[in-house]
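**Q** quick one, structure for this:
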Amino acid sequence: MSLTSQLVTNLKRFRLVTFDVTDTLLRLEDPLRHYRRTAEEFGVTGVDRRRLEHCFRQQFKAMSGEHPNFGRFSPGLDWQQWWLQLVSRTFGCVDPDASPEKLERIGQRLITLFRTSACWNHVDGAQELVHCVRSAGKCVGIISNFDPSLPKVLDAMGFAGQFDFILTSYEAGVMKPDPGIFEIPLKRLQIPADQALHIGNKLDLDYEGARNCGWSGLLVNDADNPHSFPTLSKLLEGLKTQQIEW
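**A** Model prediction:
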């Protein structure tokens, strides 16, 4: 985990470096397989994967429209209940005969399961990049469109103690790319925007969201962009070996 002089130079202007999580540092490991397996444990068998995928996408879009940000401002609906409703609606779409009690048990099991290492993989280079940024003396944080269970997920994946703060959209009350979520850490830490860098995989949510607030950004994406790298490992290599023009 070498800290090159070029990496130090590239990060010199920044006091704060933040990361997105999903598909930037961590990647979900075939979530629909876990949905099917868990359903089978509770007697919902023969679930067609293509039908399950269609129903999940349909219901996730509907829930996100009806109750944005994991139900953050929906009366009587906390984030766990948001996920329980999503699971119930997904499997209700797949198997209309499944009982509400059975769907409740499936949902509870999935909520627990997806906060463990069983459902996540590290993106190549993630741990080394976070280590290098910390070793360069930066304040290191997370800014993620996620529910309040994110610290538990990061701890389960070996990132315990690696971040100075973890800011979820649920806590912030707004989701990326809303400027409000990028302004919160600047105000808390008394850091100007031009001394902050955000690293993520979504052009609109992460890169443009950050830059529209005066931050710098790096993108893990195939976008035609001078600050874009095809993989996180290539991004780390770029920080270590090439001069980046911010």
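
**Q** from here on, just use CA atoms for contacts and neighbour counts.
**A** Will do.

**Q** hmm, who's touching the lengthiest helix in the chain?
**A** Across the chain, the helix with the greatest residue count (assigned by DSSP state H) is helix 49-66. By C-alpha atoms under 8 Å, 6 or more residues apart in numbering, the residues outside helix 49-66 that reach it are 32, 36, 70, 82, 86-87, 89-91, 93-94.

**Q** let's see it at 6 Å
**A** For helix 49-66, the external contacting residues (C-alpha atoms under 6 Å, 6 or more residues apart in numbering) are 90, 93.

**Q** for it, buried residues please.
**A** 52-53, 55-56, 59-60, 63 (16 or more other C-alpha atoms under 10 Å).

**Q** what of stretch 6-17?
**A** When burial is assessed from 16+ other C-alpha under 10 Å, stretch 6-17 yields the following buried residues: 6-8, 10-11, 14-17.

**Q** which pair in the residues you listed spans the largest distance?
**A** The largest separation in those, counting by C-alpha to C-alpha, is between 6 and 16 at 17.8 Å.

**Q** in what helix or strand does the residue nearest to residue 207 when sequence neighbours are not counted lie?
**A** Spatial nearest neighbour of residue 207, chain neighbours left out: residue 217 (5.2 Å); criterion: C-alpha to C-alpha, 6 or more residues apart in numbering. Secondary structure from DSSP states H and E places residue 217 in strand 216-220.

**Q** helices or strands next to that strand in the packing?
**A** Packing contacts for strand 216-220, counted by 3 or more C-alpha pairs under 6 Å, 6 or more residues apart in numbering; DSSP states H and E, involve strand 196-200, strand 228-229.

**Q** the closest residue to residue 28 other than its chain neighbours: what's it in contact with?
**A** Nearest residue to residue 28, sequence neighbours excluded (C-alpha to C-alpha, 6+ apart): residue 120, at 4.5 Å. Shown in contact with residue 120 (C-alpha under 6 Å, 6+ apart): 27-29.
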